[in-house]
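Chemist: can't give you the sequence, but here's the structure:
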């Protein structure tokens, strides 16, 4: 049975040729191993760029909110983990709100999100956001039609107010196929360390796939604006999604030290697209 590279293998190899020889000697599938090494090398460079970006955001006292949306198991949490991995925890936060309390349900819907928006000099990563009411809630029957319609009408105004107040919002939608989602659900169920991520609501997502698609498209058509566009991350490859979404964020700012890592910061247009009706998505 093929084995992966061990730590001592990587210490022995000084060149790619030496690495290939070690792979042949130990029956290691080299293409898969090299792909993983390339990914880790790119990720490290992009993360070093994020360290520079964070310092600049702190210095300029900017407020940046990055919204991660997508179907269940689309890779939102895994991407956030790589975005923040080497950042200073004092000047970023991850927002993953649980279901609203009875008191919150009686308040203006956006109030609970306003309280966790980034402060000056801070980045906030939203693992799902106010857009719960655009897709998950109507699909699962967690809100009324009146509540949904009110929300959809208010979102552009809400985000325009934030834009005018100099809050930078980047909205990602991670697009994966139905088959890939099911594969990831099965993987979670078979891994004791990831089983906590799975819930009955997740499986319902497969059954209600078309309904999710309908509300997703409604969301795009009514909330994609020039000042707060939707950015589609279109790939079934988790690693690609992480790298290209990181590149996109970095490409949006002219921070000090930009490009010092030597890696390209231009996202792949085959993976990263602004929403447009004609764009073919893989989670249709």
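Modeler: Perfect, I can see it now. Values in this document were obtained by computation on a predicted structure and should not be read as measured data.
Chemist: CA atoms for contacts and neighbours, from now on please.
Modeler: Fine.
Chemist: Residue 72: what secondary structure?
Modeler: What DSSP: H, G, I helix; E, B strand; the rest coil gives for residue 72 is coil.
Chemist: My read is that it contacts residue 202, right?
Modeler: Yes. The criterion here is C-alpha atoms under 8 Å, and residue 72 meets it with residue 202 at 6.2 Å.
Chemist: of those two, who's got more company?
Modeler: Shown here are residue 72 and residue 202; by other C-alpha atoms under 10 Å, residue 72 has more neighbours (22 against 16).
Chemist: who touches the more buried one in this structure?
Modeler: Residues near residue 72 by C-alpha atoms under 8 Å, 6 or more residues apart in numbering: 181, 202, 205.
Chemist: My guess is residue 244 contacts residue 267. True?
Modeler: Yes. Residue 244 lies in contact with residue 267 (C-alpha under 8 Å); the separation is 5.2 Å.
Chemist: which one of these two has more residues nearby?
Modeler: Set residue 244 next to residue 267 and count neighbours by other C-alpha under 10 Å: residue 244 wins out with 22 against 18.
Chemist: where's that one relative to residue 235, distance?
Modeler: Between residue 244 and residue 235 the computed distance is 10 Å (C-alpha to C-alpha, to the nearest Å).
Chemist: joint contacts of those two?
Modeler: residue 271.
Chemist: Check which residues of the longest helix along the chain are buried.
Modeler: For the chain, the longest helix by residue count, based on DSSP state H, is helix 30-60. When burial is assessed from 16 or more other C-alpha atoms under 10 Å, helix 30-60 yields the following buried residues: 30, 33, 42-58.
Chemist: Please convert the contacts of residue 72 to CSV, extending it with secondary structure, pLDDT and distance to residue 21.
Modeler: Converted to CSV, the contacts of residue 72 look like this (DSSP: H, G, I helix; E, B strand; the rest coil; pLDDT from 0 to 100; distance: C-alpha to C-alpha, whole Å):
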residue, secondary structure, pLDDT, distance to residue 21
181, helix, 93, 37
202, helix, 72, 44
205, helix, 81, 46
